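1. Provided below are the primary sequence and the corresponding predicted coordinates.
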Amino acid sequence: MDRKINVEPIARVEGHGGITVTIENNEVKEVRFDILEGPRLFEQLVIGKTPEESVSISSRICAICFLSHRLAEIRAQERALDIKIGKKLQLLRKLAHFGEMIESHSLHYYLLALPDYLGYPDAISMVKKFPQEVTGALELKKYGNKVMEIVAGRRVHGENLTVGGIGRIPTDEELDWIKKRAKELIIEIERGLAVWEKLDIPDYMEEEMTFASVWPEDGSYDFRADTIKISDGTELPGDEYKTLTNERVVPHSFAKRCRYKGRPYSVGAQARMLIMQDRLDGEALKWFKKYYNERWHKNPHYNNVAQAIELLFCLEHIPEIVDEIKKTPWEDAVEGRDSGKGTGIVEAPRGLLIHHTEVEDGRVKYADYVIPTTQNLDAAELYMRNAVENLIKQGAEDLELPLEMIVRAYDPCISCSVHLVKVIRK
Amino acid sequence: MRVFKMEKGNLVPFLRSLEEFGEVWGPVKKGNSFVYAHEDPEKFDLSAIRTLIPAKKFFLPKVATILKFKNGAWTDNRECKKRVIFGLHPCDLHALNIYHEFYTRIYEDPYYTSNREATLIIGLSCLPDDNCFCNLTDTSTIEEGFDLFFTELDDKFLVWVGSPRGDEVLAKRKDMVEDITQNDIKEYIEWRKKREKMFKVDLSFTGLPEIVSASYDSDIWDKMGAACLSCGTCTMVCPSCTCFDVEDEYDIRNDELNRKRKWYSCFFREYSMVAGGHNFREARAERLRLWYTHKLVGFMSEYGEPACVGCGRCVVSCPVGINVLSVVRALTGEKNDAFWAKTEVKQL
Amino acid sequence: MGKPKIGIYGLTGCAGDQLNILNCEDELLKIFDIFEVKSFVMASRAKDESVPLDVAFVEGSVSTEKDLEELKKVREKSRILVAIGHCAVFGGVQSMYMGCEAWMERYKKVYGKEDAVTISPPLEPRPLSAYVKVDAVLPGCPIEKEPFLKMAGLLAQGVIPKNPDYPVCAECKWKENECLLLKGEMCLGPITNSGCGAICPSHNIGCIGCWGPIEEENFAAGIALLESKGYTLDAVIKRFSIFGGTERGEKLAKYIESVKGGCNG
Amino acid sequence: MKERVDILKCEVHEEENPYVPERARIIRKYDLTNDVRFFQVRLCNHEKVMEWTTKYKPGQFMMLSIPNVGEAPFSITSTPTRPGIFEFCIRKVGRLTGKLFELRENDFVWLRGPFGNGFPVEKMRGKDLLFVAGGLGAAPLRSVLLYALDYRERFGKIYYLYGAKNPDEMLFKDEFFGMKERQDFDCYLTVDSDPTGEWPYDIGVVTTLFKYVKDIDVENTVAVVCGPPVMYKFVVQEFMKLGIHEENIYMTLERKMKCGMGKCGQCVVGHKYTCIDGPVFTLWDVKTIRNLI
Ligand SMILES: Cc1cc2nc3c(=O)[nH]c(=O)nc-3n(C[C@H](O)[C@H](O)[C@H](O)COP(=O)(O)OP(=O)(O)OC[C@H]3O[C@@H](n4cnc5c(N)ncnc54)[C@H](O)[C@@H]3O)c2cc1C
Ligand code: SF4
Ligand code: SF4
Ligand code: SF4
């Protein structure tokens, strides 16, 4: 049987991607995850711009995780320029970042991933059977958005958080609302988490995987750090990110590809949770223990539930972040120099995100961005190949949905992956 | 006019007590400027000079739904709110009087009238800063257009009663005021003298309407036009600017159609554009000329006074320094160091 | 008359505009109720590309041959085509060097060589109007919820909406902000389309121009003004170009040519 | 909150709000040219029909609303001497007019008005009248022309000169052809050019018709011109040649309007608001208020 399967565009992911599978004589010849999203050349756009401009531009890489991009770029710039910021600002950034996780994870878990497992084309169609879950999802999403709106300026591409500062500090009333609402919403995500228990998690793609995430120096489960941790035990200082990423260009994609020690690796909520599991606490820890099993190390579908648990973690921790913000006095940032190199490492909702910058006399001279989806592409291809091979053996007809589900499990943010490619230096 | 005096300490309790009539609004600090806000009167800043946006926002809201369309019929949608506004200076009150004439002439604007009837207006004396020139526009004192007016002297306020409503309000608060004495009048006269000496703007407005009319073809309009950003700031901050735009908006949330009106500006491109894309004032220079002729000449012939009340808002607001003072300076051949006058802006 | 049939499409961009549609949490079900959504790939697997559409919303710039193909297909079957977001309306940040440094050179700096990626030939990013007729626009990077709902409301009633013709400063004054430009900050409010509600100036942050150039922008005066406040011509031009899109890009290139020669890169 | 003491008034008064439009039904419509359409409408509220259609003056305009699209001013082309209906001729130029052209008979529009000063029909009494129209200018002129004809005995000589680009562009062609038969006034029609070759009357710009104007008492003549702005200059020159006084020469002007009541400001010229001080102006006004045309 010769067959060419083409799924394009992949629905319910952000951006344009396509999967091409070529099967000859019941043998898988090629499995390709194409990125069709056009090139935008971000690493070139920021050249010659000021650090602030570079932050505004590079956060446009992606709308869903604009804030992560923004925070990564801000961190890169602050390290390059040796700017030291105060604790209150740190906390405000953390709060906004938690908001982004909540927004993005609720969008992905409920609206983009769950419909597959439950057999619906989209979340809107689920309303009849799962009214509480869908409205709960929208409430969570709205809340995450509201947190970003308050702290980061707006829902998408807010400009309030800047290099070394913030335009407007949220008022106490706003902060109190954030805290109060976080507590109210915990019930919603727990309701959503309960759905997972009833689902059948496919196993036709499983294979042991390497994971990577940030490794916060203060021992907390957080989304920003200057160190990367890999599941083989390696700890890398941020500046040495290339040891992990090793980006290369492939002809079928405007997104570059990454491999660690010649093997695909994976980033995202699943990676974070496996690497930082000892740092979980509260209800989030209980749910993790409930759902954790050996397959987490070899099956990308668990990224979905990892996101939902992370969402709960964020909601649980927001009240204490708010309390601390309120009692911490404002300190102005300490200015450093106007030339230097720096790497900013954060966790975007869909995984490790790296912005590297080089600034000379207050202007960006060189930039390199490594995006989570770029890092996950090879892993996704590997799992898809496994899936196709096993499914053919089982004589399955419908290959499209299983493949799409694998892609969607990565919550890929294709538009970012594309532009984010390594600059070849002569 | 009836006058009383009030101890300084009585002001805040007095204003607080007015909440019984409506929301009490007054000038509060925002950055280095002031805005009218509904706050506790304790926060009102008596030293406030001009607010960023004048009190016209209460009578012609920035954006308001005037009509709703439902089941085949348009219905009046008047949202009026009872308010007490404290802190209007003489220039602001003159501007409100202009508003009143304008919005009641020939056709009475029902929205304006409702808002006005729902508002208690309490004026407050002020001491000019470097950009105030109400002495030149003859608007530095006020006789009418308020319910009460407070003049702040060293240790007390004089409270002038300007309307039966004001009288009624005061009548119920007799314990907060006292009759004035001969000495109070003397103090007031001293205060007036001191205030008059404080005006700094050195410029003559004599013969201005004629000068502006005669300068119709002057090339200063083109020079200004080259620098003007058409940002509309001047018209938004000017207390005597009245223009608005009307737009229909369909609200999918409530399935209803709202006809809205919102502030608009003669500096915007489409203001003078008619069918076929023809624009009667294509060049920014023409729009500037319209504004200044309207403010300084047109109004004069209609109402016998210029529409400029000397509040200085355009002086502190236009990013390129186009304002009544710099324009008058240019027209009368005085030294002018406004950005637009100093800079040659080369257009493409 | 049945419900208007609509499609929501994305070409090359960050998907922020589609996301902001999904971000209308309280109104999302309503939107799906008043319109018959035939295609919204970012939100649903179900789609039907075979029927003609009353309204197509298209996000993103045309940056590959594939984008162009898709755009033409959508145009053909839609009665009203609405460009949403800066990329679709003006070209997006990716078009900031239009009229300037050769795009292919920059492309090669990123991908190594001209034909490194063979999947679909890349094009220098341009707005939709560079290729097809656009009936209505909603600018913004990204679009905002309120103007979108307003626009959707009118479209649902069969009326083609029109955007305001005035700049951010107007909304900024309505918000009663102190002017940042007067404080010497680089604010692009006067030359930028309103619609965002002057968010950035309301946060004490100079407008970076993300709603794109207003039709009648006086950028020459803007440049002169910022230069008088101590910014270098180069710095001003760079800032103006970020969200200038293809059109301002070309104007700026001409301007620079006339004052100093060279390019905005 | 505490009950508020009632010093400040906040009730919405029952009196008529001049911003609220009345519903009207399109009872007849047909094309006058390929982009100008004639609309006859009748108010749905029977009680208001007679009041509204008798109280306006020729030269006044109504604000016509279509929900969701907005409102715009249109000259009334009918005359109060023939009450019961309003008539408009409308050129399709944009959003509102475009939508209006999609409407069918029995559909609704919404009206408020009348607004504007209108023609000084009282002042015209006993005078000779010289009407000159170009293109769409025939719309407001038709109103005052029909009015004058209905009160024929009140006026002296009446001339009506009308020019259109070509026969297809002439509004109310049949009506005016019919008028040419009338003995009690002089109606002259012209077209700039005649591609059909069937045009029975003059060919040439409207000013060429002035050759027919004879024996008017210039001291006692009111002249009215309506048409595209470019036409005014030439027609006015002809009036001046005849010796008609500046204050007896009237013209209607067009500006953007959002309220019709001298509030929104968009029609302002100098210190005049076209909607209340106009749309009818004298030549003297036009000369003193620069920028008017
Ligand atoms: C006193 C008066 C009487 C008029 N009488 C007639 C008439 O009898 N028949 C006729 O066909 N037209 C008449 N007009 C013109 C008519 O009002 C415009 O053609 C109409 O407003 C265009 O609306 P639109 O929505 O279709 O066009 P739009 O889509 O709004 O715009 C098309 C163009 O018209 C301009 N425009 C918008 N609103 C107005 C407005 N209220 N007035 C003028 N231009 C505007 C716009 O700036 C744009 O350039 C009259 C205008 C006035 C002021
Ligand atoms: S005069 Fe000044 S404030 Fe007014 S529109 Fe022009 S630039 Fe803006
Ligand atoms: S802050 Fe910016 S947007 Fe606001 S008025 Fe000033 S220049 Fe305009
Ligand atoms: S203020 Fe400017 S940069 Fe900020 S959102 Fe509005 S248009 Fe964009």
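-> Yep, it's here. Numbering: from 1, shown residues only, chains lettered A, B, ... in the order given. Ligands and ions are numbered 1, 2, ... in the order given.

2. got the buried residues for stretch A:267-281?
-> Neighbour counts using 16 or more other C-beta atoms under 10 Å in any protein chain shown place A:V267, A:G268, A:A269, A:Q270, A:A271, A:R272, A:M273, A:L274, A:I275, A:M276, A:R279, A:L280 of stretch A:267-281 among the buried residues. No exception for glycine: its C-beta is placed from N, CA and C like everyone else's.

3. of all the residues you listed, which comes closest to D:D194?
-> A:G268 (77.4 Å; C-beta to C-beta).

4. helices and strands of chain A: which one has the lowest mean pLDDT?
-> Sorted by mean pLDDT, DSSP states H and E, the helices and strands of chain A end with helix A:414-419, the least confident at a mean of 38.

5. Mind putting the buried residues of stretch A:267-281 into JSON lines with secondary structure, distance to D:V218 and pLDDT?
-> Shown next, in JSON lines, are the buried residues of stretch A:267-281 (DSSP: H, G, I helix; E, B strand; the rest coil; distance: C-beta to C-beta, whole Å; pLDDT from 0 to 100):
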{"residue": "A:V267", "secondary structure": "coil", "distance to D:V218": "92", "pLDDT": "95"}
{"residue": "A:G268", "secondary structure": "coil", "distance to D:V218": "91", "pLDDT": "94"}
{"residue": "A:A269", "secondary structure": "helix", "distance to D:V218": "92", "pLDDT": "95"}
{"residue": "A:Q270", "secondary structure": "helix", "distance to D:V218": "96", "pLDDT": "95"}
{"residue": "A:A271", "secondary structure": "helix", "distance to D:V218": "96", "pLDDT": "96"}
{"residue": "A:R272", "secondary structure": "helix", "distance to D:V218": "94", "pLDDT": "96"}
{"residue": "A:M273", "secondary structure": "helix", "distance to D:V218": "97", "pLDDT": "96"}
{"residue": "A:L274", "secondary structure": "helix", "distance to D:V218": "101", "pLDDT": "96"}
{"residue": "A:I275", "secondary structure": "helix", "distance to D:V218": "100", "pLDDT": "96"}
{"residue": "A:M276", "secondary structure": "coil", "distance to D:V218": "99", "pLDDT": "96"}
{"residue": "A:R279", "secondary structure": "helix", "distance to D:V218": "100", "pLDDT": "96"}
{"residue": "A:L280", "secondary structure": "coil", "distance to D:V218": "100", "pLDDT": "95"}
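
6. Reformat these as TSV; add distance to C:E178.
-> Listed next are those as TSV, based on distance: C-beta to C-beta, whole Å:
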residue	distance to C:E178
A:V267	44
A:G268	44
A:A269	43
A:Q270	48
A:A271	46
A:R272	43
A:M273	46
A:L274	50
A:I275	47
A:M276	44
A:R279	44
A:L280	46
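
7. Give me the below-cutoff pLDDT ranges for the stretch 251-400 of chain A.
-> The stretch 251-400 of chain A contains residues with pLDDT under 70 at A:251-255.

8. let's go with 80 and repeat that
-> A:251-257, A:396-400 (pLDDT under 80).

9. Spell out, range by range, the helices that occur in it.
-> With DSSP state H, counting those that start in this stretch, the ranges of helices along the stretch 251-400 of chain A come out as A:269-275, A:282-291, A:302-327, A:372-393, A:400-409.

10. Now do the third one and helix A:372-393, the angle between them.
-> Yep, that's helix A:302-327 we're talking about. Angle of helix A:302-327 versus helix A:372-393, following axes from the mean of the first three to the mean of the last three C-alpha atoms, to 10 degrees, is 160 degrees.

11. Stretch D:259-279 vs chain C: in contact?
-> No - Stretch D:259-279 stays clear of chain C (C-beta under 8 Å from any C-beta of the partner chain), getting no nearer than 12.4 Å.

12. That stretch - what's its average pLDDT?
-> For stretch D:259-279, the mean per-residue pLDDT is 85.

13. Tell me which residues of that stretch come out buried.
-> Neighbour-count burial for stretch D:259-279 flags D:259-279 (criterion: 16+ other C-beta under 10 Å).

14. how far does it stretch from start to finish?
-> Using C-alpha to C-alpha, to the nearest Å, the end-to-end distance of stretch D:259-279 comes out at 14 Å.
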